[in-house]
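1. model this:
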Amino acid sequence: MKKLVLLILALIAAPALAQEAPPPQDAPTPVILIGIDGFRADYLNRGISPNISAIAAEGTSAPMRPSFPTKTFPNHYTLVTGKRPDNNGIVGNSMIDPRRPGVMFSLGDPKQSLDPFWWDEAEPIWVTAEKQGVRTATMFWPGSEVAIHDQRPQDWQRFDQAVTGRQRVNAVLDWMRRPADIRPRFVTLYFDTVDTAGHRYGPDSAEVNAAIQNVDAEIGYLREGLRAMGVNADIVVVADHGMRAVDPAKVVQLADLLPLDSFIMVEGGPYAAIEPAAGTDDIVYDALLKAHDHMDCRRKKDLPGRLDYGENPRVAAIICIAEPGWTILAGDPPYPVSGGAHGYDNQDPDMLALFAASGPDITGEAKGTFDNVDIYPLLARLIGIEPLKSDGSDNLAKALTRK
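-> Numbers count the residues shown, from 1 in each chain. Okay, the predicted model is just below:
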């Protein structure tokens, strides 16, 4: 009964589109991977996303555990490579590499973020698919603009936050209208507004709820558009991480512990990646590698094994993980400590991410929380390609599909 109600709500919420000519009957089932940045798993329980709820009701859904660090770029790359950040090379939103001294990868520096050097330690599924003769297209996804292993999707767009959700969906629908021989078999679609609202206003805000409703409406528009043209796609909806409320009164200030010029703060916030500056001997280690209120600091080789993090040379020498709700800073923050944040231990329930899927090939149910590395084998199975070796298990793929 619950599934029927959710389905009816979704049909009411989705806008009606003109009926289009159906595609050829022998056209392969397209696979559309939808990424909603910052969509915490329990947001689905708020009753304000009827179209995503319909996908869950028609198919399946479950909480999904992100990889550590619970940041955007590392987890988006994990989802499409099946490799944890330590193995896919994108170990943080910001990172350094000993092969490039004095250089830092960061989201705001396209010279570095678009350089294949940072991405080539793993191969995303669109590259593998293209190599196996399967056409792909990406309507935004971290890494999709980069010629990884000298290969891009046949159709891709340079990320621009000003491109609206409706424009993004219309691009995907346009690809689906193509003749079968040039229609992509695998497509990504990315939305960033839920994460943006979560950072600015916090996960329990009216603004986050509005962002959820907006993205949900766009997914309803996509589904109705696919129905109008007779395309029955396998749709997989994922998030990269959750979101936790933060408080400006809950700050660990590294400037109170040691001189700011004694270390490089590669990344700060819910976790801190810290590289001691040259010539500082043991000053940084002595100050950080002891008990602290509200954070735990360790050499990267001493991190808990369950994090699967610390072997890659790009991981900074010291990793500090804040107590949930706390923030680690070094001097004045680049932005106010308010609203919400992510990057905490991936065992934190508020870091759990959304997973929902439905389509002609989704015939089983996900049972319990699973790790996000398992999405890659599922996608490969749906697309019909031979996956590369990954950190993921194929148990989810076998449980959900009949292929």
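2. and the helices in the stretch 301-403 of the chain, which stretches?
-> 375-383, 395-400 (DSSP state H, counting those that start in this stretch).
3. try the chain
-> 2-13, 50-58, 72-81, 85-88, 110-113, 116-119, 125-131, 165-176, 193-201, 206-228, 283-288, 375-383, 395-400 (DSSP state H).
4. most tightly surrounded among the ones you listed?
-> Mean neighbour count, computed with mean count of other C-beta atoms under 10 Å, is highest for helix 72-81 among the helices of the chain, reaching a mean of 28. For every residue, glycine as well, the C-beta is placed using N, CA and C.
5. before we move on, the earlier item: tabulate the helices of the chain (CSV), appending mean pLDDT and distance to F140.
-> Converted to CSV, the helices of the chain look like this (pLDDT from 0 to 100; distance: least, C-beta to C-beta, whole Å):
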stretch, mean pLDDT, distance to F140
helix 2-13, 44, 23
helix 50-58, 98, 18
helix 72-81, 98, 10
helix 85-88, 98, 19
helix 110-113, 92, 13
helix 116-119, 98, 15
helix 125-131, 98, 12
helix 165-176, 98, 7
helix 193-201, 98, 12
helix 206-228, 98, 13
helix 283-288, 97, 37
helix 375-383, 98, 17
helix 395-400, 97, 25
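6. mind giving me TSV with these and columns for distance to R100?
-> As requested, those are exported to TSV (distance: least, C-beta to C-beta, whole Å):
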stretch	distance to R100
helix 2-13	48
helix 50-58	40
helix 72-81	17
helix 85-88	18
helix 110-113	9
helix 116-119	7
helix 125-131	23
helix 165-176	33
helix 193-201	28
helix 206-228	36
helix 283-288	21
helix 375-383	28
helix 395-400	36
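7. quick one: closest of the ones you listed to M104.
-> When the helices of the chain are compared by C-beta to C-beta, helix 110-113 sits nearest M104, at 7.1 Å.
8. pull the CA atoms of that closest one into PDB?
-> Output in PDB follows, covering the C-alpha atoms of helix 110-113 (Å, rounded to 0.1, in the frame of the first residue of the first chain):
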ATOM      1  CA  PRO A 110      41.000  24.300 -12.600                       C
ATOM      2  CA  LYS A 111      44.700  24.100 -13.700                       C
ATOM      3  CA  GLN A 112      45.100  21.300 -11.200                       C
ATOM      4  CA  SER A 113      41.600  19.900 -10.900                       C
END
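9. quick one on the thing from earlier: mind checking which of the helices of the stretch 301-403 of the chain is nearest I362?
-> Nearest of the helices of the stretch 301-403 of the chain to I362, taken as C-beta to C-beta: helix 395-400 at 5.5 Å.
10. what helices or strands is the closest one leaning on?
-> With contacts defined as 3 or more C-beta pairs under 8 Å, 6 or more residues apart in numbering; DSSP states H and E, helix 395-400 has these neighbours: helix 375-383.
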